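1. Make a model of this:
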Amino acid sequence: GLRRVGVQLGLELIELVEAVRKVDGVVYRGVAFYPGHLRIYEPEPFDALRRTVAGMVDELERAGHKPEIVSGGSTPLLFESHRIEGLTEIRPGTSVFNDRNCVGQSVATWADCAASIQVTVVSSNGDRMMIDGGSKTFSSDGLSGSTEGTYGRIVECPEARFHKMNEEHGFVELKDAGRRYRPGARLSVIPNHICVAMNLQERVYGVRAGRVEAVWVVAARGKLQ
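-> Numbering: from 1, shown residues only. Below is the predicted model:
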């Protein structure tokens with residue numbers, strides 16, 4: 001995985017499980033891993049992951065620590081996770097909404113992107129316009145695996161380039177777009193990375209066929225301390 005936390009396979013893992021089982025009030029149920037280094041499905045790296053997971057489970061069983069839970073998975077591997085023998089649960093996060101990165105990784109289509117951010121055109125001058133959403137709205141995350149410096153897809157005008165931001169505003173180039181927008185126009189932007197953008201909002205609105213059906217408060221908003 002990304003080697004964020006935990007231990008590596010082999011003796012370290014066995015020793016950790018044995019240490020956990022000695023702690024009063026703690027029950028060993030299984031193991032978790034995150035294959036976040038695999039951004040797209042490719043047979044060779046995926047097969048290596050399968051072998052790694054199978055070897056981990058086998059090691060634990062031979063040491064007398066058969067895991068009840070083997071937790072893993074990610075959004076890019078969402079529809080391949082069933083091929084990982086022994087996996088009992090998956091934890092894809094981004095797939096709840098999907099975003100521009102997911103489309104770029106070929107794990108979602110634009111039609112699968114359930115979340116967009118509503119912005120207003122605040123200035124328009126020839127081939128450029130300004131929208132009222134910047135890094136405080138979208139975050140500064142770029143497009144994964146790309147040197148293209150853009151920050152989202154404008155649903156109503158995919159040819160527009162959302163190429164620059166400051167804190168409060170987004171700079172949009174319309175040179176290759178087939179239309180122009182006046183101040184006050186409302187647009188929808190699918191962000192590069194919805195996970196970060198979501199945590200920057202106060203509320204999320206559930207809309208179907210143009211009607212707001214639900215309003216959800218983002219409970220974790222502003223809770224970093």
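2. sec struct for residue 56, please.
-> Look at residue 56: counting by DSSP: H, G, I helix; E, B strand; the rest coil, its state is helix.
3. so what's it closest to, chain neighbours aside?
-> Once flanking residues are discounted, residue 56 sits nearest to residue 9: 5.4 Å by CB to CB, 6 or more residues apart in numbering. C-beta: built from backbone N, CA, C; applies to glycine.
4. what's near enough to touch the one you found?
-> Residues in contact with residue 9, defined by CB atoms under 8 Å, 6 or more residues apart in numbering, are 52, 55-56, 59.
5. what do you get for residue 193?
-> Going by CB under 8 Å, 6+ apart, residue 193 touches 99-101, 139, 141, 144.
6. from those residues, which would you call buried?
-> Buried members of these, scored by 16 or more other CB atoms under 10 Å, are 99-101, 139, 141.
7. In helices, which of those residues fall?
-> 100-101 (DSSP state H).
8. hang on, residue 203 packs against residue 219?
-> No. Counting by CB atoms under 8 Å, residue 203 stays clear of residue 219, with 10.7 Å between them.
9. Looking only at neighbour counts, state which of those two leads.
-> Remark: of residue 203 and residue 219, residue 203 carries more neighbours, 9 against 6, as counted by other CB atoms under 10 Å.
10. tell me the contacts of that one?
-> 215-218.
11. beta partners for it?
-> Note on residue 203: beta-bridge partners by DSSP bridges are residue 217.
12. Report pLDDT for residue 65.
-> With respect to pLDDT, residue 65 scores 96.
13. quick one: the helices in the protein?
-> Going by DSSP H, the chain shows helices at 11-21, 43-62, 100-104, 135-138, 194-198.
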